[in-house]
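Q: Sequence first, predicted coordinates after that:
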Amino acid sequence: MAYTTKKYILFGGDYNPNQWDEATLRQDMIYFREAKINTVVLPVFSWAKLEPSEGQYNFGWLDHILDVLEENGIGYILATPTGAQPAWMSRKYPEILPVDIEGRKRTHGMRVFFCYNSEKYRERAAAIAAAMAQRYRNRKGLEGWHVANEYGTSCYCENCQKKFRDWLKRRYGTIENLNARWGTEFWGRTYYSFEEVMLPTKLNDDCQFFPACELDYQRFKTDSTIACFENEAKILKAATPDLPVYTNISGYIKKLDQFKMVPCMDVAGWDNYPSPQDPRSLPALKLDIMRAARDGESFYVAEQSPAQQNWQPYNKLKTPGEMRRIAYQGLAHGGDSSLFFQMRQSRYGQEKMHGAIIGRAGTDTTRTFREAMQLGRELEQLGARFVGGRTKAKIGILFDWDNWNAMELCSGPSRDKDYLKEVLHLYEPFYYKNVPVDVLKYTSDFSEYRVILAPCLYMLKDNIAERLNRFVKEGGTLVTGYLSGYADENDRCEFGAYPGPLRKAAGIWVEETDGLFPDEKVSVCTSEGITVQADFLCDVIHTEGADPIAEYTSNFYAGTPAATCNHYGKGKTYYLATKFGRDFLDVLAERILRDAGLAPLFPTEGDVELSCREKEGICTYFAINFGRERACVDLADKSYTELLTGRELTGNTPIEPGDVLVFGRKSNSEGEEV
Amino acid sequence: MAYTTKKYILFGGDYNPNQWDEATLRQDMIYFREAKINTVVLPVFSWAKLEPSEGQYNFGWLDHILDVLEENGIGYILATPTGAQPAWMSRKYPEILPVDIEGRKRTHGMRVFFCYNSEKYRERAAAIAAAMAQRYRNRKGLEGWHVANEYGTSCYCENCQKKFRDWLKRRYGTIENLNARWGTEFWGRTYYSFEEVMLPTKLNDDCQFFPACELDYQRFKTDSTIACFENEAKILKAATPDLPVYTNISGYIKKLDQFKMVPCMDVAGWDNYPSPQDPRSLPALKLDIMRAARDGESFYVAEQSPAQQNWQPYNKLKTPGEMRRIAYQGLAHGGDSSLFFQMRQSRYGQEKMHGAIIGRAGTDTTRTFREAMQLGRELEQLGARFVGGRTKAKIGILFDWDNWNAMELCSGPSRDKDYLKEVLHLYEPFYYKNVPVDVLKYTSDFSEYRVILAPCLYMLKDNIAERLNRFVKEGGTLVTGYLSGYADENDRCEFGAYPGPLRKAAGIWVEETDGLFPDEKVSVCTSEGITVQADFLCDVIHTEGADPIAEYTSNFYAGTPAATCNHYGKGKTYYLATKFGRDFLDVLAERILRDAGLAPLFPTEGDVELSCREKEGICTYFAINFGRERACVDLADKSYTELLTGRELTGNTPIEPGDVLVFGRKSNSEGEEV
Amino acid sequence: MAYTTKKYILFGGDYNPNQWDEATLRQDMIYFREAKINTVVLPVFSWAKLEPSEGQYNFGWLDHILDVLEENGIGYILATPTGAQPAWMSRKYPEILPVDIEGRKRTHGMRVFFCYNSEKYRERAAAIAAAMAQRYRNRKGLEGWHVANEYGTSCYCENCQKKFRDWLKRRYGTIENLNARWGTEFWGRTYYSFEEVMLPTKLNDDCQFFPACELDYQRFKTDSTIACFENEAKILKAATPDLPVYTNISGYIKKLDQFKMVPCMDVAGWDNYPSPQDPRSLPALKLDIMRAARDGESFYVAEQSPAQQNWQPYNKLKTPGEMRRIAYQGLAHGGDSSLFFQMRQSRYGQEKMHGAIIGRAGTDTTRTFREAMQLGRELEQLGARFVGGRTKAKIGILFDWDNWNAMELCSGPSRDKDYLKEVLHLYEPFYYKNVPVDVLKYTSDFSEYRVILAPCLYMLKDNIAERLNRFVKEGGTLVTGYLSGYADENDRCEFGAYPGPLRKAAGIWVEETDGLFPDEKVSVCTSEGITVQADFLCDVIHTEGADPIAEYTSNFYAGTPAATCNHYGKGKTYYLATKFGRDFLDVLAERILRDAGLAPLFPTEGDVELSCREKEGICTYFAINFGRERACVDLADKSYTELLTGRELTGNTPIEPGDVLVFGRKSNSEGEEV
């Protein structure tokens, strides 16, 4: 069961009226109604205010705010305030304060700084969650529960040390097994007792130099954080079984394995904070990752900036329409909400310069507020048409947190290994063609896919190699390349050439891999006789059945293959031995799409992103013009309704610079297209 | 009462003959007399030598040195040696050793590393100060007291933690008041007891992420350091009420609020160490800040390098005449001394490569020594003519340490916020025109000024907005701009548009502020139709009565005002919405000067700085040619005496490359101009 | 007595078959024989496997490996595994774990992290060394002992603190003497007891700001590490007096004073890991340093990469032939071995991407393995012809670790002081001319040399100034320059001009030294009227008898000498006041060689290194073409045998791109040239 609301798109976001007076609260309500805001999230971080001393709760102020919200028809997601324990609690129970990677006990400060394994923290967090559930479960405005905030702090305290050993015991059973799995013969790391295992920190440099240990610490951290989340979630769930419980995931998604974490929530909630310099493909990919976390289910965009941020080095203003484009991109890729940090700008603290729907000027005459009003009107109009809808894709791209950690921990051949960048690089040629791409877990069902992209498939686990081999044999197309097929889940390599168990499917073997300098390029000549450039890494490979589709023309390995295509069973495998630029990859993507009989949703011209969500057979298309020129989408002889204006669209349809078109066939009251 | 000596310009500096033998000491005396050195400062840092064990003093060696100095007619400023506690003392009383911002207890080493709140440090420092005062108070060579050295170490020990809480209790009375003032509603920081407040360090990141707390820590640090200084100063003062007591301020002036610290001294003592790359405007501004610290009183240049430094990354030699130019710049801006670090180069330790009047070669034939001799001769000739004299300016520029800290702690819109750079940027158009500028405190008397520059007036306090509004109403010209009018003294913002209470005087309001990338520029067209560039930040503003004098021509806010002028009462306010280059500011400065009826002291050509000090009605002019070309100052029909040569000057008077002219009317024995 | 093996060149290297199974071990033997591998080094780091609990040894697995090696005729050097103590030992005896320079106690992890002064570490290390010696002393395959691994960790624990004080007591006798020698008058550092002396760390910044203390800490560290090495070495030595005992020195040679450390070994063992960007002169110089460490004796290349490394930021593949060229360079400069890290690539851990003779692919068909086979065949063919042979040079270049530390610790005039770079810079003009250069210690016998290069002779000790003066007086040529003649062994300077006691020999004195910005250049005109550029530092000097051979033509010291030549006694001294480029130095080197009657071994053309080793009167020449073009060596009318092919060489002999020629006269069975 998916818990995303089915009735409307959530529009609103974080709201902290405890920071201002009653008159301002009342003024906010007027503005909220003006902007069609339907949902706020609160009271994130207010633990100290809610629980002035142990077990003594002060809910009166919150009750009042909820009353006012309900009077004004504004729904709310209640946040447990456990993202920041009260100062009195840190003082009374210092065990709650974490120890950092340099072995330093933290003092109370900031937020999200607690030991995720602290029993005392969990006891107090459960207590306030229970008190809130008890008090507010039957409130009519309640739409769901948001737990804590952006988990992800690492802790290296004595308690975590102990629990890490326990976790290892459960995972490996015996110390001999751990020794075998961690490869402790190297550098004489053999253990004779779990008590000898130390947390990987900067005090022993094992966080950098003992990948097997660090990998397990990261797994342990995710598992412990899940337990920390579930400690509260199970209480909330028991109180309100029909309401979704989730936590918001940091925009920087690497801290925790979200493919393990999200399935424990009712819905993924993600904070979408692209940097001004990011290409639009990056939030698109991350949104697709969030959609993958619950196997294609829609999710919440839990936070985004309505205006500028404050914590970037250089905080650019959002340009006119940018908020709206980003909001629609979130919906187009599977979001059922458009929640913002924040509803009103705060008066103090670290984030006081962060933008808000209502700026500190406190008027509704600002550009940001006017744009919010437009968006609110539009979302109300769109109703529940695509809420809960899904994306249909025939191309999948593999993604995995263990692989991410393992590949980047691996020392050599280049320090510039950036997994997310590599995944993005192979995603882009398809993304920019407006061919839908699904992010896939190693364990996803591959049966609906025609093409699987597997960049830097460094770590093999969950039978992924066997599953990919079968996928190709049965007619699929696999694209993989350098840094693939190296290690098992403990970062152990097997003897034998790379790409290991994918060698047969790829029809090549890798003799060695050159790590290029940052500004070094190699020349490559494609089978069409075109010279292109590549960089980063260069596998020197030998074919065993594969056909070269490009050859190095520089360095001592000139003349050897830089990319190959191998027929294997009914399918084929492309192997990219080096990091090609977009020019080569665009041509390759066209070839792959043609071969696989795949095409863009519609032909487009200009800098336009086109996506589709399908709900109960009804398609909704989102065409977003990110460019400064007019773009168009060619609907040919099909005709659709533009859902915001009601006008009919057919043929080559223009989209104004910066504008968004949402269109589909009309549906009748039974939800059937007409 | 000002304590600067009235009889002559102090010429000399730091002297550590305990590092060498008697013969060298005797040789030094010959050189000192050759160079007309009249004052040395000693024995900085010699605590361990003076107090071999607790309460046992060893003054004999110092007595002898003072005898020799007196025999040779050299005066001295006695330094308490408390800038470096003895190793035995750190060992016996570890509480004296500070804890750093990362929570690490320091071990004994370096210098100026003691807890400024340590009772034991203060007890021992008072004891040796008393012993020295007792022993040397009636010495004929004694000219004043120098306490410790360049205070400014931060400490985060348990004792400081406790004293910080006490300081907060005194400041805020109740924890509720502290909560309100610090805005602890944000991120759930509410306190229920002062005991819960932690020092802002890297152990809680509050030094960066909790501006309200860090701001108060900086105030506490200044207040504690003042107490540490006064602990010794009051003893010295009681012993020798007629002699000045001061400490030397680090060239990097940010460590402590000198507008609080200096008024507790009898005279400001500042260490002037420009870097080779600094424009000459930077030491000029810092000298003007020092002059402001005691409301226009003259001050001591307590240290400067006669030759190269050793602690710069790259230590350029001073070029021929550079020492003299810098020495005169110090005098021109209000200095009554030209003291150098150091008289003779040391033989060992961290600073052994730092230049000295007498280099390690030990001869008087070096370029540096010859230049010192010239300077000594000249200063003797100038006598007390301008000692104690003042600068008359009609333009003031606001400067404040709290504002400095608050603006730079503020996260967003750009990380490149550098207050001193911003102040310098607005100072320069006037400085380079040789129009005298006074630095003003928020609390300075504004009545003598026609123009006040208020760059980045981020923090409002001490009624500054009200005072500036009145200043403009009564006919003054105010120049302000981006990042102004934001916060109160606790870094709290009010709801309402910026520049807050200056909005009416400025006749504009700020809707949002763009943070540009480091190499990003915007184009601006002035009302004269000239296109210029700007960078850093761009306020998007709306006029409410002000006239645009420049408009953005790029970015989405093209067409909106980039600079405005508003008539308010009898005066006007210029608002600079973005960071203009010098081209625009130079034109603006001309307009402002013309409107205000202000002019340079004299017209000049070339790279020449022209200043004037007035003492009892007698003016002394300093014209310093910093360039490699001949410059000139146009005296028109006035005639003056060049004070070093006695020659008469009138009309357009040349100044040779690198040369200095000091001139004024002759004065008679009653000190009246003739 | 030199212990380098006299029978053949050691070929092989590190081998860790405990990381794989029996079948792989057996396969390795086949490959070893194929590649003529004769020596492996093991079991480095296997302490935890060998000693599962205190005093309980598990040697069975090692016995078996040694049996297999012996069966296959492979010799071995046994490594004590004491480079990485077992985890149980760190847990049982936490005193073994070091404290780092930031005062942090390390937890168990990595390798080579133990306190070199720990009595418990030494006790346990001695015990296992004794057990291994006892067990394996009579093994026929045993060729020598390798102790621990790349010593060099610093420790700042309480035990080291105590031992450092003891070491100082022994060195200085009284605290008064220490005060005098350390110059504690500066910054009031006077001590009254050795108990007051603190280790120089980042907790007191004395590691950077108290050079006298830090210099002695570095000496103490070397002395302590020698004791740590000898703790094991004396046991091994006693058991097998005829076998060499050594430890391998890190490629980054700065950590310990190898001129003290190596004489305590039987042979220097050095790990040769040039970076891809290094010019070939850098490993050449370092090899020459290793040769100097035992006064010209041959040494072991203990490790080198057969293929790419993994711990460089960017790990370039070795190009075809590169392994062979580097191997021959090692032999040409005095190596008696060509040992590699590693024989087979490991399956896990930090270095699993580091190349090996047998890659993880596990085949003998790789380029690396084929190149290893070629090298193995060739080395077998060369036999013992030059094993133990020596290099004859008439040019020496001074090198010293104390000087290295002192010069770089010295604050000013430039932070870019890099001693090794300076030594390399003066080495290169002679090296690239293929004129043999010996590295000299301060205490080396100078009598055989005609030219001594003394770049940055900052520290004077061991009568070096007096010895150099005598060297020049008696007809030698000395080349020195900036930063010379400054300090004594405690970094104390004397009064008087630089270059101090070399002033007379140089015939100049230095008035001051300009520290240039990184991209700043000065122009210099040579006495031949050619304009060249220089950078880094510029001494402003005065001649006292010397003849200028170049003059500055820019900056205010234009017209003063930039380089001089002074006749002194029967010899001459060149003084280089600034850092000239190679253009000037090449011309100067030619002049010096001509004057001294020295010449290259043979004239060469192209990018070829030519070296010669002489053994019992028999010369072996090594010509290595590092370039991509054909090079040649002009043998004129002499004729030699190419030792790998047997072909006769005479006249202008070509060397193919990347190729190596090893040649000499044939020798008869008595070892006489025929």
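A: Structure received. Residues are numbered from 1 along each chain as shown, chains lettered A, B, ... in the order given.
Q: how about the residues of the stretch 251-400 of chain A near chain C?
A: Residues of the stretch 251-400 of chain A found near chain C (CB under 8 Å from any CB of the partner chain): none. Heads up, the C-betas are built off the backbone N, CA and C, glycines and all.
Q: which residue packs closest to whatever residue of the stretch 251-400 of chain A ends up closest to chain C, ignoring adjacent ones?
A: Minimum separation of the stretch 251-400 of chain A from chain C (CB to the nearest CB) falls at A:D400, amounting to 19.4 Å. In this structure, A:D400 finds its nearest non-sequential neighbour in A:Y442, 5.6 Å apart by CB to CB, 6 or more residues apart in numbering or on different chains.
Q: again, but for A:G321
A: A:G658 (4.2 Å).
Q: that's a strand at that neighbour, yeah?
A: No: counting by DSSP: H, G, I helix; E, B strand; the rest coil, one finds A:G658 to be coil, located in no strand.
Q: That one reaches A:I326, doesn't it?
A: No: assessed by CB atoms under 8 Å, A:G658 is found out of contact with A:I326, at 11.6 Å.
Q: Which one of the two is surrounded by more residues?
A: Taking other CB atoms under 10 Å in any protein chain shown, A:G658 and A:I326 do not tie; A:I326 has more neighbours (22 against 19).
Q: Would whichever strand or helix holds the more buried one count as contacting chain B?
A: Assigned by DSSP states H and E, A:I326 belongs to helix A:322-332. No: legend: contact between helix A:322-332 and chain B by CB under 8 Å from any CB is lacking; minimum distance shown is 9.5 Å.
Q: where does the stretch 101-250 of chain A come near chain C, residue by residue?
A: Counting by CB under 8 Å from any CB, the positions of the stretch 101-250 of chain A adjacent to chain C are A:102-103, A:182-193, A:195-201, A:203-206, A:209-212.
Q: Let's verify the closest residue to chain C within the stretch 401-550 of chain A: helix, strand, or coil?
A: Going by CB to the nearest CB, chain C is nearest to A:G412 of the stretch 401-550 of chain A, at 3.0 Å. Three-state call for A:G412 (three-state DSSP): coil.
Q: For it, which residues are in contact?
A: A:G515, C:Q308, C:Q309, C:N310, C:W311, C:Q312, C:N315, C:M353, C:H354 (CB atoms under 8 Å, 6 or more residues apart in numbering or on different chains).
Q: Separate out the buried members of these.
A: Using 16 or more other CB atoms under 10 Å in any protein chain shown as the burial test, these include A:G515, C:Q308, C:Q309, C:N310, C:Q312, C:N315, C:M353, C:H354 as buried.
Q: residues near the residue nearest to the fifth one when sequence neighbours are not counted, how many?
A: Right, the one you point to is C:Q312. Distances taken as CB to CB, 6+ apart place C:S275 nearest to C:Q312, at 6.1 Å, with adjacent residues excluded. Residues near C:S275, counting by other CB under 10 Å, number 14.
Q: before we move on, what about A:K234?
A: Considering only other CB under 10 Å, A:K234 is surrounded by 13 other residues.
Q: element containing it, please.
A: helix A:211-239.
Q: Now that helix: average pLDDT?
A: Averaging pLDDT along helix A:211-239 gives 98.
Q: Likewise for stretch A:63-78?
A: On average, stretch A:63-78 scores 98.
Q: Quick check: buried residues in stretch A:36-55?
A: A:36-51.
Q: So which of the residues you listed sit within helices?
A: By the criterion of DSSP state H, membership of those in helices covers A:W47, A:A48, A:K49, A:L50.
Q: tell me what the helix holding A:K234 is packed against?
A: Using 3 or more CB pairs under 8 Å, 6 or more residues apart in numbering or on different chains; DSSP states H and E, the elements in contact with helix A:211-239 are helix A:119-136, helix A:158-172, helix A:175-182, helix A:206-209, strand A:245-246, helix A:258-261, helix A:401-409.
Q: residues of the helix or strand hosting A:R594 that come out buried?
A: Secondary structure assignment for A:R594, by DSSP H and E: helix A:582-596. Of all the residues in helix A:582-596, those buried under the rule 16+ other CB under 10 Å are A:F584, A:L585, A:D586, A:V587, A:L588, A:A589, A:I592, A:L593, A:A596.
Q: CSV for those residues, including distance to chain B?
A: Shown next, in CSV, are the buried residues of helix A:582-596 (distance: CB to the nearest CB, whole Å):
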residue, distance to chain B
A:F584, 30
A:L585, 28
A:D586, 28
A:V587, 33
A:L588, 33
A:A589, 32
A:I592, 37
A:L593, 36
A:A596, 41
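Q: circling back to that earlier point, now the residues of the stretch 101-250 of chain A next to chain C: which count as buried?
A: Here, 16+ other CB under 10 Å leaves A:103, A:182-192, A:196-201, A:203-206, A:209-212 buried among those.
Q: Return the distance of the nearest residue to A:F626 once chain neighbours are set aside relative to chain C.
A: Of all residues not flanking A:F626 in the chain, A:D607 sits nearest, at 4.8 Å (CB to CB, 6+ apart). Remark: distance between A:D607 and chain C (CB to the nearest CB, to the nearest Å) = 34 Å.
Q: That concludes my questions; thank you for your assistance.
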